[in-house]
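Trainee: Quick one: sequence plus predicted model below, questions after.
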Amino acid sequence: MATLLPQSDRSAIETQVLRVIRDLLRELGNSKLAEAVRPTATLDRDLGLGSIERVELLLRLDRTFQVTLPEGAFAEARTVEDIVSALAAAFPDDGAVFAPRSEVPPAAKSSAGEIQRHAEARPQTLSMEPGAAGTEEGVRPLRRIWEALYGVYAAAVFFIWLVLTWLIVLLMPGGPAAARLTSAAIRTYFELVGCRIGMEGHEHLAAHSPCIFVSNHTSYSDVLAVMALFDTNYHFVAKSEIEHMPFICTFLRKLGHFSFDRNKLRARSRQAERMEQALLRGESIFVFAEGTFTAQPGVRPFQLGAFRAAVKTGRPIVAIALQGARQFLRDGTFLPKPAQIKVIVSPALYPDLDSAGREWAEVLRLRDETRQTIARDSGEGLIP
């Protein structure tokens, strides 16, 4: 693949690509092979990078170079040199390889400037009512006081509720009975704190069982909302850190949910295999594909494990969009705020069963369609 980049820039790209591949191989336990990586090495035969390892490699290269690699070119890459060529073609011909992570891309700076100029030019709406400004200023402190009182009340009720529910679940046998009791208890909690929860698209829940539910992740309250409203059997795929959290680990174990260490590549591979096995047994799974959440609204890039499992097993993806959960308990805060939570369930997205030889492209298609669906239904935009 030809590129007009100067040779020095292409050499810089090659150096970075080799570094990323070596780090990945070391994590896989192939330290000796990592030291012997050459640009001519083939990804599968020489380096032993299977499909899931290639997924991880693509994600790491995206983060390192801060550019979205051409997925088709990456899927067709056979050697390290092919990856370097794909990256070289992704950059402009002005000699800029990639910007440090701390820098704001010029486009972002330009957009920010445009937003500021529009804000300055936008006419301000002024109230003609005498004393309106003073009234608004008086309302804000009252609202803050009300939200603080509500937050203290909701948090206190939660801790009391958590201990009582935990004791009951701890003494119960695990399985569906414990799951039903937990769901009923969570609904009671939301009623006690005056948080209305609802669902749209309930008919899609059990229409395609077993399936993979894929949701956006907005706050700790996401799990509560889902468990309160879902009346179908499924396994959450949770981070291993939850196994060490007081009280929560009991629910994880009793209700039969899965956990994995997201910081270990081999654990991710085992997670994908466990998901596939559950689907083949007729059990649905639930995945927060972003892997984490922040206070900032928006749907972040999705991890690919759920979509790989869908392609491997032929089971559909059912997109779940959450609204209002971020407002109820925003990341970085400890007290809930008054909010309404809605869970929107979309019709299933099926993998193409005739995709033999192009499974990689099918995984990416499912990911993109699911992410776009969730962004639309949640009312939050896509974050690169």
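Mentor: Right, received. Where do you want to start? Residues are numbered from 1 along each chain as shown.
Trainee: Centroid-nearest residue for the protein?
Mentor: Glu290 (0.7 Å; C-alpha atoms, centre = their mean).
Trainee: OK, contacts around it?
Mentor: By C-beta atoms under 8 Å, 6 or more residues apart in numbering, the contact set of Glu290 is Asn216, His217, Val299, Arg300, Pro301, Phe302, Gln303. In short, each C-beta sits where N, CA and C put it, glycine included.
Trainee: State the pLDDT value of the second one.
Mentor: According to the predicted model, the pLDDT of His217 comes to 93.
Trainee: Phe328: what's it in contact with?
Mentor: Cys195, Ser219, Ser221, Pro336, Lys337, Ala339, Ile341.
Trainee: Is it possible to get JSON lines of these that adds distance to Arg140 and neighbour count?
Mentor: Below are those laid out as JSON lines (distance: C-beta to C-beta, whole Å; neighbours: other C-beta atoms under 10 Å):
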{"residue": "Cys195", "distance to Arg140": "22", "neighbour count": "23"}
{"residue": "Ser219", "distance to Arg140": "24", "neighbour count": "24"}
{"residue": "Ser221", "distance to Arg140": "25", "neighbour count": "23"}
{"residue": "Pro336", "distance to Arg140": "19", "neighbour count": "24"}
{"residue": "Lys337", "distance to Arg140": "14", "neighbour count": "16"}
{"residue": "Ala339", "distance to Arg140": "18", "neighbour count": "18"}
{"residue": "Ile341", "distance to Arg140": "25", "neighbour count": "27"}
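Trainee: Tell me the one among these nearest to Trp360.
Mentor: Checking the contacts of Phe328 against Trp360 with C-beta to C-beta, the nearest one is Ser219 at 32.6 Å.
Trainee: Is it correct that the closest one is in contact with Gln296?
Mentor: No: at 11.8 Å, Ser219 does not count as touching Gln296 under the criterion of C-beta atoms under 8 Å.
Trainee: quick one on the thing from earlier: can I take it that the residue nearest to the centre of the chain is in a helix?
Mentor: No: counting by DSSP: H, G, I helix; E, B strand; the rest coil, Glu290 is located in no helix; its state is coil.
Trainee: Averaged over its residues, which helix or strand of this protein has the lowest pLDDT?
Mentor: Least confident helix or strand, the chain: helix 106-121 with a mean of 39, by mean pLDDT, DSSP states H and E.
Trainee: how far does the following helix or strand past that one sit from the chain's center?
Mentor: As assigned by DSSP states H and E, the chain's next helix or strand after helix 106-121 is helix 132-171. Counting by C-alpha atoms, centre = their mean, to the nearest Å, helix 132-171 is centred 27 Å from the centre of its parent chain.
Trainee: Now helix 132-171: buried residues?
Mentor: Neighbour counts over helix 132-171 (16 or more other C-beta atoms under 10 Å) mark Tyr150, Gly151, Ala154, Phe158, Trp161, Leu162, Thr165, Trp166, Val169 as buried.
Trainee: what packs against the next helix or strand along the chain from it?
Mentor: Next along the chain after helix 132-171, taking DSSP H and E as the criterion, comes helix 176-192. Identification of packing neighbours for helix 176-192 by 3 or more C-beta pairs under 8 Å, 6 or more residues apart in numbering; DSSP states H and E yields helix 132-171, helix 221-229.
Trainee: Tell me where this structure has strands.
Mentor: Ranges of strands within the chain are 197-200, 212-215, 234-239, 258-260, 284-288, 317-323, 341-345, based on DSSP state E.
Trainee: can you tell me which of those strands comes nearest to Glu362?
Mentor: Nearest of the strands of the chain (C-beta to C-beta): strand 317-323, 11.2 Å.
Trainee: can I have that closest one written out in PDB, keeping just the CAs?
Mentor: This file holds the C-alpha atoms of strand 317-323, laid out as PDB (Å, rounded to 0.1, in the frame of the first residue of the first chain):
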ATOM      1  CA  ILE A 317     -27.800  -8.500  20.000                       C
ATOM      2  CA  VAL A 318     -30.600  -6.600  21.700                       C
ATOM      3  CA  ALA A 319     -29.700  -3.000  22.300                       C
ATOM      4  CA  ILE A 320     -30.700  -1.400  25.700                       C
ATOM      5  CA  ALA A 321     -30.700   2.300  26.100                       C
ATOM      6  CA  LEU A 322     -30.700   3.900  29.500                       C
ATOM      7  CA  GLN A 323     -32.100   7.400  30.200                       C
END
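Trainee: Show me the contact partners of that strand.
Mentor: 204-205, 208, 211-218, 222, 225-226, 286, 306-307, 310, 341-351, 366, 370, 373-374, 376-379.
Trainee: Just the buried residues of that strand, please?
Mentor: Buried residues in strand 317-323 (16+ other C-beta under 10 Å): Ile317, Val318, Ala319, Ile320, Ala321, Leu322, Gln323.
Trainee: Closest to Ala178 out of the contacts of Phe328?
Mentor: For the contacts of Phe328, the nearest to Ala178 is Ser221 (20.6 Å; C-beta to C-beta).
Trainee: what's the least confident stretch among the helices and strands packed on helix 176-192?
Mentor: When I compare the helices and strands packed on helix 176-192, helix 132-171 is least confident, with a mean of 83.
Trainee: how near is Leu304 to Leu280?
Mentor: As judged by C-beta to C-beta, to the nearest Å, Leu304 and Leu280 stand 19 Å apart.
Trainee: Val299 too?
Mentor: Distance from Val299 to Leu280, by C-beta to C-beta: 29 Å.
Trainee: okay, those two: which has more neighbours?
Mentor: Val299 (23 against 14; other C-beta atoms under 10 Å).
Trainee: now the helices and strands packed on helix 176-192 in a markdown table, with distance to Arg180?
Mentor: Conversion of the helices and strands packed on helix 176-192 to a markdown table gives the following (distance: least, C-beta to C-beta, whole Å):
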| stretch | distance to Arg180 |
| --- | --- |
| helix 132-171 | 11 |
| helix 221-229 | 10 |
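Trainee: Can you say which of these is nearest to Asp44?
Mentor: helix 221-229 (37.6 Å).
Trainee: which other residues reach that closest one?
Mentor: Here helix 221-229 makes contact (C-beta under 8 Å, 6+ apart) with 179, 182-183, 186-187, 189-190, 197-199, 215, 236, 286, 288, 293, 320, 322, 325, 328-329, 336, 341, 343.
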